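K.L.:
Sequence below, structure please.
(one chain, ligands or ions: 1)
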Amino acid sequence: MAHKIAAANWKMNGDLNFVKQLTQELLANQTIINSNQSLLLASPFLYLHELVEATKNYKQINIAAQNCAQYTSGAYTGEVSADMLASIGVTHVIIGHSERRALFGETDAQLAIKVLLAIQNKLKPVFCIGETLAQREANKHFNIIEDQLWHGLFQLSEADFSQCIVAYEPVWAIGTGVTATPEQAQEMHAYIRGLIAEKYNDDVAQATSILYGGSCNEKNAATLFSLPDVDGGLVGGASLKAESFAQIVAALNK
Ligand code: PEP
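P.N.:
Coordinates of the predicted model:
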């Protein structure tokens, strides 16, 4: 059975005071009760060390970076390597978020390297995939998702793939207030799990956490998380309010 995860993607929001306050409120509100559940906080690089320290006594809270470099070390001004992240206690890294793909031109080939570097440094990749509205309207969404998986993740051995979390994030739902319907989410998550089973095997597919992302909030989380192939969520906007995110975390129990 796949691990259930509520993941917060804070993106480039908040200053140090905001992050400290939000973390305190999250810790005070945290409702993880089941050993098969965890909470993941993805903050800007700058705050990761502080967050690792603040959460070190909470076994079911993990800290993620939102990106990592495609290089190991050297003259890459402004970049942060997977090795550096691991060295401060970060355990996960988001790779291939649609904002990285669209705004920073990250390609499948670059993402595949980042995934490998993450795994080599014992970081678990949270690999994001999703189609645009135009692709869905042209009925190409299944092909797009299959392509993104083949180019970003399916080069991995079974053991390495087992370290990965998949986040299905339809681009048209991210930050728009438009959420995939339960039917759309379940259909795509089941499709993704089927592809994993075909490429690896059914045990690997059943054990892979497949998160939904895209305008997930405290009102729709329980419905989304109760779907058979949705193992939790990757949450942007609604993760910036401790009260909302606590309700999303609680929805993992639904
Ligand atoms: C995201 O950016 O990963 C995301 C899901 O954002 P939002 O929840 O704001 O749509």
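
K.L.:
wait, what's in contact with Asn62?
P.N.:
Neighbouring residues of Asn62 by C-beta atoms under 8 Å, 6 or more residues apart in numbering: Ser38, Leu39, Leu40, Leu41, Thr91, His92. Placement of C-beta: from N, CA and C, glycine included.

K.L.:
Dump the residues you listed to a markdown table, plus pLDDT and neighbour count.
P.N.:
As requested, the contacts of Asn62 are arranged in a markdown table below (pLDDT from 0 to 100; neighbours: other C-beta atoms under 10 Å):
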| residue | pLDDT | neighbour count |
| --- | --- | --- |
| Ser38 | 94 | 23 |
| Leu39 | 95 | 25 |
| Leu40 | 97 | 25 |
| Leu41 | 97 | 26 |
| Thr91 | 98 | 17 |
| His92 | 98 | 23 |
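
K.L.:
Which ones among these map onto strands?
P.N.:
Among the contacts of Asn62, the members found in strands (DSSP state E) are Ser38, Leu39, Leu40, Leu41, His92.

K.L.:
ok, so of these, who is nearest the ligand?
P.N.:
Ranked by distance to the ligand (C-beta to the nearest ligand atom), those are led by Leu40 at 11.6 Å.

K.L.:
Can you give me the separation between the closest one and Leu123?
P.N.:
12 Å (C-beta to C-beta, to the nearest Å).

K.L.:
residues near the closest residue to Ala238 other than its chain neighbours, how many?
P.N.:
Excluding its sequence neighbours, the residue lying closest to Ala238 (C-beta to C-beta, 6 or more residues apart in numbering) is Asn217, at 4.1 Å. Asn217 has 21 neighbouring residues, counting by other C-beta atoms under 10 Å.

K.L.:
What of Gln148?
P.N.:
Using other C-beta under 10 Å, Gln148 has 23 neighbouring residues.

K.L.:
Do you know the pLDDT at it?
P.N.:
Gln148 carries a pLDDT value of 98.

K.L.:
wait, it sits on Thr132?
P.N.:
No. Using C-beta atoms under 8 Å, Gln148 and Thr132 do not qualify as a contacting pair, with a distance of 11.8 Å.

K.L.:
which residues do Leu40 and Leu123 both contact?
P.N.:
Joint contacts of Leu40 and Leu123 (C-beta under 8 Å, 6+ apart) are His92.

K.L.:
Can you name the residues that contact Ser244?
P.N.:
By C-beta under 8 Å, 6+ apart, the contact set of Ser244 is Asn217, Glu218, Ala238.
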